[in-house]
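Chemist: mind folding the following:
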Amino acid sequence: MNKAIILDRDGVINRERGGYTWKQEDFVLTPGIIPFLQAARDKGYIFIVVTNQGGIARGMFTAAEVEQVHEYMRSLLRQGGIELQEIYYCPHSNRLERCLCRKPGSLMLEKAIARFRIDVGHSFFIGDHERDQQAGEAAGIPFVRIEPNEDLMHYVDIL
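Modeler: Below is the predicted model:
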């Protein structure tokens, strides 16, 4: 079994800007994310991202554009010695369709837990919205709620 930190993306890994972040030039890491993940890595955690990307269903941007910004995110994290095991994203919009993967649904978390054999008793999910907390509770993984764009080093003691 693996211990993992599952992270929401916008507002946790990158700065929440009040709109969708789907362009590389708009993607800025939050304060403390690299040193927090380095400390967690050194304690044996693996990392997975789960993120709602409803702008795809709304036609605001494409899955390919989201994947490009995710590759950019991976490259920034790699510079700090951090590797993501996986990035799960939901392309659906709750205004246009119902799905099981969009948070507060827990399907993305459940997939990660099963695929990576995550020990939920020694892992947690970090997010910045009520829907993140609801998804974490539904998946049975402890949840840590932060303020959008908060410095994660404030939480290094939970590791």
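Chemist: report the buried residues of the longest helix along the chain.
Modeler: Looking across the chain with DSSP state H, the single longest helix is helix 63-79. Residues of helix 63-79 classed as buried under the neighbour-count rule (16 or more other CB atoms under 10 Å) are 65-66, 68-70, 73, 76-77. For the C-beta atoms, the positions are set from N, CA and C on the backbone; glycine is no exception.
Chemist: residues near residue 156, how many?
Modeler: The number of residues packed near residue 156 is 15, by other CB atoms under 10 Å.
Chemist: from now on call the first residue 302
Modeler: Renumbered: residue one is now 302, and that last one reads residue 457.
Chemist: which intervals of this structure have sub-threshold pLDDT?
Modeler: 397 (pLDDT under 70).
Chemist: name every strand pairing with the longest strand belonging to it and say which way it goes.
Modeler: Longest strand in the chain, counting residues (DSSP state E): strand 347-353. Note on strand 347-353: by DSSP bridges, its sheet partners are strand 305-308 (parallel), strand 387-391 (parallel).
Chemist: give me the next element, helix or strand, following the shortest one.
Modeler: This means strand 305-308. helix 334-343 (DSSP states H and E).
Chemist: next one: the longest one
Modeler: Along the chain past strand 387-391, the next helix or strand (assigned with DSSP H and E) turns out to be helix 408-416.
Chemist: can you list the residues that contact the longest helix of the chain?
Modeler: 310, 314-315, 322-325, 328, 330, 335, 338, 350, 354, 357, 384-385, 388, 390, 392 (CB atoms under 8 Å, 6 or more residues apart in numbering).
Chemist: list only those of the residues you listed flagged as buried.
Modeler: Buried among those (16+ other CB under 10 Å): 310, 314-315, 322-323, 328, 335, 338, 350, 354, 357, 385, 388, 390, 392.
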